[in-house]
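> A predicted structure for the sequence below; I have some questions about it.
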Amino acid sequence: MMDVVASDGSIGSPEKTRTPGGRRARRVRMTGAERREQLLDIGRALFAEKGFEGTSVEEIAAKAGVSKPVVYEHFGGKEGLYAVVVDREMRQLLDMVTGALTAGHPRELLEQAAFALLDYIERYTDGFRILVRDSPVAQSTGTFASLISDIATQVEDILGMEFKNRGFDPKLAPLYAQALVGMVALTGQWWLDARRPKKAEVAAHLVNLAWHGLDGLEQKPRLIGHRKS
């Protein structure tokens with residue numbers, strides 16, 4: 001039997017879709033918005049698993065059950081799909097980190113930032129795998145480094161006020177913000193695959209180093225915020 005192509009580009013045979021009574025059922029077609037979200041989900045999973053170069057439009061279309069022109073219609077090609085995926089992940093991580101910074105005490109702010117990044121890695125593992133790769137697309141999709149810089153800018157304002165209150169030079173806040181955020185981000189990149197120790201323990205050790213320095217490390221670091229896991 002010959003396959004048919006639906007108006008939304010999906011490929012299939014209507015004979016195979018039947019009700020429990022044996023009658024032929026009408027195929028439910030996705031709206032344009034639903035199809036776009038489906039393609040984004042599939043592209044996200046493939047880019048995380050195989051990288052940009054290892055993923056093809058043909059594979060994306062096949063997994064979605066559509067023809068290649070549908071992918072081009074929604075995103076203009078693989079590059080456009082990748083750019084949207086990266087932009088979404090960058091905004092998700094940035095929102096999680098900046099939204100977590102609510103405490104007044106600087107040490108608890110460090111805990112919140114560490115937990116936010118580790119939470120993102122745990123919940124959006126595919127997205128983080130995509131972000132830690134340098135973007136091969138010659139567009140303003142951003143890179144992991146630029147994302148870390150964005151997060152550091154948020155932390156910089158908090159550190160600047162704290163430095164001023166403590167009599168330190170607030171002009172040094174950008175340096176310390178980059179150092180702190182970079183330390184957490186690189187540790188998170190390692191934890192992506194290691195997943196040991198547990199998340200709370202990783203956060204506690206990060207804060208231990210950032211707060212006390214090597215000279216004053218606690219042997220058994222503790223968390224002071226409400227997050228314990």
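Good, I have the coordinates. Values in this document were obtained by computation on a predicted structure and should not be read as measured data. Residues are numbered from 1 along each chain as shown.

> the bottom helix or strand of this structure by mean pLDDT?
strand 4-5 (a mean of 44; mean pLDDT, DSSP states H and E).

> how about the nearest residue to V85 once chain neighbours are set aside, what does it touch?
With sequence-adjacent residues excluded and distances taken as CB to CB, 6 or more residues apart in numbering, V85 is closest to R44, at 5.0 Å. In this view, the C-beta of every residue, glycine as well, is placed from N, C-alpha and C. By CB atoms under 8 Å, 6 or more residues apart in numbering, the residues touching R44 are 85, 89, 126-127, 130.

> What is the nearest of these to E34?
V85 (16.9 Å; CB to CB).

> can you map out the strands along this protein?
4-5, 11-12 (DSSP state E).

> what's the burial count for the residue nearest to R133 when sequence neighbours are not counted?
Nearest residue to R133 in three dimensions, chain neighbours excluded: G51, at 6.3 Å (CB to CB, 6+ apart). Using other CB atoms under 10 Å, G51 has 13 other residues around it.

> Would you list the phi and psi of G51?
G51 has phi and psi values of phi 80, psi 170 when expressed as degrees, to the nearest 10.

> which residues of the chain score low on pLDDT?
The model of the chain has pLDDT under 70 over residues 1-28, 134-143.

> make it 50
Residues of the chain meeting the criterion pLDDT under 50: 1-7, 12-15, 17, 138-141.

> quick one, helices of it?
32-50, 57-64, 68-75, 78-100, 106-123, 125-131, 144-166, 173-194, 199-212 (DSSP state H).

> Nearest to I224 among these would be which one?
Per CB to CB, nearest to I224 of the helices of the chain: helix 106-123, 5.8 Å.

> and the closest one, what does it pack onto?
Applying 3 or more CB pairs under 8 Å, 6 or more residues apart in numbering; DSSP states H and E, one finds that helix 106-123 contacts helix 78-100, helix 125-131, helix 144-166, helix 173-194, helix 199-212.

> which residues sit in contact with the residue nearest to Q112 when sequence neighbours are not counted?
Nearest-residue entry for Q112: A100, 4.4 Å, with adjacent residues in sequence omitted and distances by CB to CB, 6+ apart. By CB under 8 Å, 6+ apart, the contact set of A100 is 112-113, 115-116.
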